[in-house]
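# all I have is the shape, not the residue letters:
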């Protein structure tokens, strides 16, 4: 009757022994009863005098299936059923708290209720995941079941084909809830903040960028950008620290989930100190008014999912076992919850992620994928609104410091990480300034203007910072003015810290206007623009052809270093060189011969003359030549009539220089 089956219900001893009424694994599920006709007979119109005979038949047949402790429908070979199943949790609790709250359910209870239903019995063990590890662990099949947030349910369901089995019904005070909402709140005495729009230029505190998607959507619904309009976002990692920042005045508003503001206001320390902004009206849950103020719409509570590689029979038995728990059971009291129910639709959470750009479609895998942000690195989780683009990672991390905001130790701060710009920005390598500017549509792009065959080094930024993976990366496709096949130039990624930045080297010889297209990951990006190739600098009197090859026109001769020269000019140049050579030779000769000619005025004779010696044709006198005492030999024009007045020197250390008198 508890299961809603018709009466009378005849059950084999196998199901009675070890059942819930016997303190064992619990009664068979509805699927068990339908599948095991050898163990159970339901006879709504069974004659009374046939009851004993039917019971004997059931007992006899049921006894045949008791060997091994399970029914025939659960006999599955070990090739398809694993022996151990890992149930991991990714929740706001620490690993120790999660284990304490849910090991009673996921280990003790499931090992008792589900394990014996398989031959050999299966076992369950508990573990923990974080935002840093969840996607890698799911890809490596490090767990079979995962208990997690609703937003992560959508990610795992879309990317890894995980199946939600059950939704947890939470206990919030005296209320049993299977949905919750996001809340934006401020202090009650902040009269300058009456609406979400008043948060422009204000500081907002939250636990993590990964847990505020509901508020993010609320901002978008009123035409605001949660990333660009506030002055700063402070991530504390702890909800109690969010309250501390509001009380100290370091934050103007905060993000939390439903029922927390009511709990704060009921606390004697914070009695009615907080107020919810833009509370929604008319929110209902299961046909009754939702009991707490919420800024966002309502979303399903946390869920337990089975990964794609789990056998459906194991998933079915786990689902049935959890649905058999009721409010007040020791397992639910330990978990601090009411009970489990069949899984709600998590499409709203998935739609939320897609609308915010946090879940994108992977054309290679043909499925949606969520962002890979973590609690320690929020950069991948930043998705700028349409028309704005994400700054570089280094600029984002230094953004608050640049704006004069000091980020406390233990906090993570985010200040205006988005910027205006174009999808593709280009500038010349080494040019001063920022990353560049977008090229205009079908107009000459200044950064691309070049001369024939001139090396062009570009720095190209993909402001969407799409991954470089297989088929990714940047390619520039250039169409020349003539009907030629386009040329492609592949960008080289700069590296870590500058995601989306590429170096591109190119050169063109064909003169004229070229059409340039940008492709990222095989998909056209940015605007189609024009590149103007002008005449090359070839040298003196040289001209380029249509492909930029420099040559000398008719009547000119090529000189490898200087350029091209006309024949006439070449002849004049040759004559000039000859004249210069002759003049230089004559001057050199004159200068060389002039060294041996002594001018009369440079000699200073003594008065009276000092005769040093006399010969047949002349005399040798003592004189001074440019400060040096010398001996001067002069022709004797007196015919030897004069005689030396002094004793002639037989040996002289002075130089003797011949001189012809005037």
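The structure has been received and is ready for your questions. Keep in mind that this is a model prediction, so the values were computed, not measured.
# so what secondary structure elements neighbour the lengthiest helix in the chain?
In the chain, taking DSSP state H as the definition, the longest helix is helix 567-594. If you count contacts as 3 or more C-beta pairs under 8 Å, 6 or more residues apart in numbering; DSSP states H and E, helix 567-594 packs onto strand 556-559. (Each C-beta comes from the backbone N, C-alpha and C, glycine too.)
# can you list the residues that contact stretch 232-242?
Applying C-beta atoms under 8 Å, 6 or more residues apart in numbering, the contact partners of stretch 232-242 are 203-209, 226-227, 245, 250-251, 254-256, 260, 375, 378, 400, 403, 405, 407, 410-415.
# now it: buried residues?
Using 16 or more other C-beta atoms under 10 Å as the test for burial, stretch 232-242 gives 232-236, 239, 241-242.
# pLDDT (mean, whole number) over that stretch?
Average pLDDT, stretch 232-242: 88.
# off-centre distance for that stretch?
Between the centre of stretch 232-242 and the centre of its chain there are 23 Å (C-alpha atoms, centre = their mean, to the nearest Å).
# first-to-last residue distance for that stretch?
Taking C-alpha to C-alpha, to the nearest Å, stretch 232-242 runs 14 Å from one end to the other.
# burial measure for residue 498, as a count.
Here the number of neighbours of residue 498 (other C-beta atoms under 10 Å) works out to 16.
# nearest residue to it in space, please, no chain neighbours.
residue 392 (6.1 Å; C-beta to C-beta, 6 or more residues apart in numbering).
# so that neighbour touches residue 495, yeah?
No: the pair residue 392 / residue 495 is not scored as a contact, 12.0 Å apart, by C-beta atoms under 8 Å.
# where do the helices of the stretch 101-250 of the chain begin and end?
110-113, 134-139, 150-160, 213-221, 239-248 (DSSP state H, counting those that start in this stretch).
# I'd like those laid out as CSV, including distance to residue 329.
Shown next, in CSV, are the helices of the stretch 101-250 of the chain (distance: least, C-beta to C-beta, whole Å):
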stretch, distance to residue 329
helix 110-113, 11
helix 134-139, 29
helix 150-160, 24
helix 213-221, 31
helix 239-248, 28
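# contact partners for residue 545?
Neighbouring residues of residue 545 by C-beta under 8 Å, 6+ apart: residue 551.
# please report the distance of it from residue 292.
Applying C-beta to C-beta, to the nearest Å, the value for residue 545 to residue 292 is 79 Å.
# relative to residue 156, how far out is the residue nearest to residue 405 when sequence neighbours are not counted?
Spatial nearest neighbour of residue 405, excluding adjacent residues (C-beta to C-beta, 6+ apart): residue 232 at 5.4 Å. Using C-beta to C-beta, we find residue 232 at a distance of 32 Å from residue 156.
# same thing with residue 522?
Computed as C-beta to C-beta, the residue 522 to residue 156 distance reads 28 Å.
# these two - which one has more neighbours?
residue 156 (24 against 10).
# for the more buried one, which non-adjacent residue is spatially closest?
residue 162 (4.0 Å).
# check contacts around that neighbour.
Residue 162 neighbours (C-beta under 8 Å, 6+ apart): 138, 146, 153, 156, 305-308.
# list phi and psi for the nearest residue to residue 105 once chain neighbours are set aside.
Nearest residue to residue 105 in three dimensions, chain neighbours excluded: residue 331, at 4.3 Å (C-beta to C-beta, 6+ apart). Dihedral pair for residue 331: phi -60, psi -40, per degrees, to the nearest 10.
# contacts only, for residue 331.
Neighbour list for residue 331: 104-105, 108-109, 325 [criterion: C-beta under 8 Å, 6+ apart].
# tell me which two in those are the farthest apart.
Taking C-beta to C-beta, the two most distant members of the contacts of residue 331 are 108 and 325; they sit 12.0 Å apart.
# higher neighbour count, those two?
Higher neighbour count among residue 108 and residue 325: residue 325, with 21 against 15, using other C-beta under 10 Å.
# can you verify my assumption that the more buried one contacts residue 338?
No: look at residue 325 against residue 338 with C-beta under 8 Å: they stay out of range, at 9.7 Å.
# show me the contacts for residue 468.
residue 493.
# before we move on, the earlier item: looking at the contacts of residue 162, which one is closest to residue 604?
Taking C-beta to C-beta as the measure, residue 604 lies nearest residue 138 of the contacts of residue 162, at 112.9 Å.
# could you find the closest non-adjacent residue to the closest one?
Once flanking residues are discounted, residue 138 sits nearest to residue 160: 4.9 Å by C-beta to C-beta, 6+ apart.
# tell me which of residue 392 and residue 495 has more neighbours.
Between residue 392 and residue 495, residue 392 has the larger neighbour count (other C-beta under 10 Å), namely 20 against 8.
# what's the first-to-last distance across stretch 282-299?
One end of stretch 282-299 to the other measures 15 Å (C-alpha to C-alpha).
# so which of the contacts of residue 331 comes closest to residue 515?
Nearest to residue 515 among the contacts of residue 331: residue 105, at 64.3 Å, using C-beta to C-beta.
# could you measure from that closest one over to residue 327?
In terms of C-beta to C-beta, residue 105 sits 13 Å off from residue 327.
# comparing the two, which shows the higher neighbour count?
Set residue 105 next to residue 327 and count neighbours by other C-beta under 10 Å: residue 105 wins out with 26 against 12.
# check contacts around the more buried one.
Residues near residue 105 by C-beta under 8 Å, 6+ apart: 322, 325, 331-332, 334-335.
# make CSV from these and add pLDDT and secondary structure to it.
CSV is the format used below for these (pLDDT from 0 to 100; DSSP: H, G, I helix; E, B strand; the rest coil):
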residue, pLDDT, secondary structure
322, 97, helix
325, 97, coil
331, 96, helix
332, 96, helix
334, 95, helix
335, 95, helix
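# can I get those residues in JSON lines including distance to residue 314?
Below are these laid out as JSON lines (distance: C-beta to C-beta, whole Å):
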{"residue": "322", "distance to residue 314": "13"}
{"residue": "325", "distance to residue 314": "18"}
{"residue": "331", "distance to residue 314": "19"}
{"residue": "332", "distance to residue 314": "22"}
{"residue": "334", "distance to residue 314": "23"}
{"residue": "335", "distance to residue 314": "21"}
